[in-house]
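Student: need a structure here:
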Amino acid sequence: MLGPATLRTVRLGIKSLLLHKLRAALTMLGMLFGVFSVIAMLAIGEGASYEAQQQIKALGSTNIIVRTTKPPDTEQTNTGSMWSAKFYGLLYRDAERIRDTLQNLELIIPIRETRREARVGAAWYPTDVLGTVPAFAVASSVHVAEGRWLSDVDEARTSNVAVLGAIAAKNLFPLEPPIGRTVLCGNDRFEVVGVLQYQGLANARGPTLDECIFVPMSTSRSWFGDIQTKMTGGTFERTGIELHEIKVRVGHEGEVLDTARVIEDMLAQTHPEKDYEVIVPLRLLMQAEETKRIFNLVLGAIASISLLVGGIGIMNVMLATVTERTREIGIRRALGAKKKNIISQFLVETIVLSGAGGLLGVALGLVGPQFVKLIDPNRITVTKPEHVIMAFGISAAVGIVFGLYPAWRAANMDPVEALRHE
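Tutor: Got it, this is the predicted structure:
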């Protein structure tokens, strides 16, 4: 509890600041904007990091994703016939070999991607038709909004059924329910049995799930085949790809990195041309967290410069105040005031300036990120209590540090010379 002498010193310090209200207010602004910038910038940076991490987590921290990549063109492929297909990428036997070799796998999901133009009456929509197995929904955490997902019966019967992503369904059926209707993908007809909830996430480095149409793997192999023809700039490109992606899920996060290394070694033996890439979401998440820490340090350092400038402003004002009140200091010393009393008085003034500015900055820093959401509703901002405490603590510390020298200078004045000051 504060004693009478301390309370008297506090009242005297506040009274001295109120004699120059405008100067005190302008000085507090430096601390206000410093604290505000620290909190707001860290909130925006934390939000951006959170979005990136959520997208990586949606891929599954226990998942390993192997994707087909196009190898560099070789002299042999360039001199072949324009109608000859270039075969590369993952094979059906790669998925079987991984399944048979690794015993710690919970799921292994093969995926084929076929570019087709989907049509319903006058509506048409270029999309990727993904051939996959029923377990894809579990591995990719997709949920059905209407109807049902693909079943084992669909796979066994090579059924012409399809599940639409949310965006694909909206484009093909803008005014009517899609369940039970027929979609024409290229020259093949599919009955719509389900529509997925909006995901907002990409399938690793493949197509966005919301824009895709999903069909059984057996149906995709039967109707679309492995060879695709694409016309670019008047030239035809024919490629032969069996699988575009193999998604693997293991039981525990601790097994992910070792399992990924085993898969890489296995594929390296049968794919010397390196026509695949292994994506490990857990590894990406660890990198994202490290990037977040560095990003926060940079943002915090930049924003803290504002606090430093505010502290310099406080020192400048207090040095001017000491000069203006030299005679007052001399009188107090002549009447018996000790050096510690003078130091306390001036430190109280700097603490009030930095503390009040810091509190107002905290209030503005908590409200500021909400304006960002008004401008961009999809933008996420995350304000952490430790950032608020850190910003206010730095502002209070800056006030004390930059107030010490003016207070020490005032306390060490010669009382006789101070009394002579005009």
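
Student: Need the residues that contact stretch 137-147.
Tutor: For stretch 137-147, the surrounding residues in contact (C-beta atoms under 8 Å, 6 or more residues apart in numbering) are 58, 60, 63, 107, 109, 136, 149-150, 163, 166, 177-179, 192-199, 203, 209, 247, 249. No exception for glycine: its C-beta is placed from N, CA and C like everyone else's.

Student: got it, and stretch 182-198?
Tutor: Contact with stretch 182-198 is made by 116-120, 129, 142-150, 160-167, 169, 172, 178-181, 209-210, 213-215, 223-224, as judged by C-beta under 8 Å, 6+ apart.

Student: hmm, back to that, show me which of the contacts of stretch 137-147 are buried.
Tutor: Among those, those classed as buried by 16 or more other C-beta atoms under 10 Å are 58, 60, 63, 107, 109, 136, 149-150, 163, 166, 178-179, 192-196, 199, 203, 209, 247, 249.

Student: In three-state terms, label residue 377 for me.
Tutor: The local conformation at residue 377, judged by DSSP: H, G, I helix; E, B strand; the rest coil, is coil.

Student: For residue 198, see how far away it is.
Tutor: Distance from residue 377 to residue 198, counting by C-beta to C-beta, to the nearest Å: 15 Å.

Student: same check, this time on residue 68
Tutor: When residue 68 is compared with residue 198 (using C-beta to C-beta), they lie 27 Å apart.

Student: longest helix of this structure?
Tutor: Secondary structure of the chain per DSSP state H: the longest helix is helix 281-324.

Student: How far does the helix or strand following that helix sit from its chain's centre?
Tutor: The helix or strand immediately downstream of helix 281-324 is helix 326-334, counting by DSSP states H and E. Distance of helix 326-334 from its chain centroid, counting by C-alpha atoms, centre = their mean, to the nearest Å, is 58 Å.

Student: Now do the buried residues in helix 326-334.
Tutor: Buried, per 16+ other C-beta under 10 Å, within helix 326-334: 326, 328, 329, 330, 332, 333.

Student: same thing with stretch 313-327?
Tutor: Buried residues in stretch 313-327 (16+ other C-beta under 10 Å): 313, 314, 315, 317, 318, 321, 322, 325, 326.

Student: ditto for stretch 397-406
Tutor: 398, 399, 400, 402, 403, 404, 406.

Student: So which residues of the stretch 101-250 of the chain form helices?
Tutor: 136-140, 152-157, 166-172, 217-224 (DSSP state H, counting those that start in this stretch).

Student: So which elements touch the longest helix of the chain?
Tutor: If you count contacts as 3 or more C-beta pairs under 8 Å, 6 or more residues apart in numbering; DSSP states H and E, helix 281-324 packs onto helix 21-58, helix 256-270, helix 339-375, helix 385-411.

Student: okay, the helix or strand that the first one is followed by in PDB with CA atoms only?
Tutor: By that I understand helix 21-58. Scanning forward in sequence from helix 21-58 by DSSP H and E, the next helix or strand is strand 63-68. Extracted in PDB, the C-alpha atoms of strand 63-68 (Å, rounded to 0.1, in the frame of the first residue of the first chain):
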ATOM      1  CA  ASN A  63      -0.400 -37.900 -43.700                       C
ATOM      2  CA  ILE A  64       2.300 -38.300 -46.300                       C
ATOM      3  CA  ILE A  65       1.400 -37.100 -49.800                       C
ATOM      4  CA  VAL A  66       3.300 -38.400 -52.900                       C
ATOM      5  CA  ARG A  67       2.500 -36.500 -56.100                       C
ATOM      6  CA  THR A  68       3.400 -37.100 -59.700                       C
END
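
Student: what is the orientation angle of strand 63-68 with helix 256-270?
Tutor: 20 degrees (axes from the mean of the first three to the mean of the last three C-alpha atoms, to 10 degrees).

Student: which residues are in contact with strand 63-68?
Tutor: Applying C-beta under 8 Å, 6+ apart, the external contacts of strand 63-68 come out as 59, 88-90, 94, 139, 204-206, 241, 243-250, 256, 259-260, 263, 267, 275-281.

Student: swap in stretch 312-325?
Tutor: Outside stretch 312-325, the residues that reach it (C-beta under 8 Å, 6+ apart) are 16, 20, 23-24, 27, 30-31, 329, 346, 349-350, 353-354, 398-399, 402-403, 405-407, 409-410.

Student: where does it sit relative to the chain's centre, distance-wise?
Tutor: Per C-alpha atoms, centre = their mean, the centroid offset for stretch 312-325 relative to its chain is 44 Å.

Student: what does stretch 288-305 give?
Tutor: 13 Å.

Student: how close does residue 314 sit to residue 167?
Tutor: From residue 314 to residue 167 the distance is 55 Å (C-beta to C-beta).
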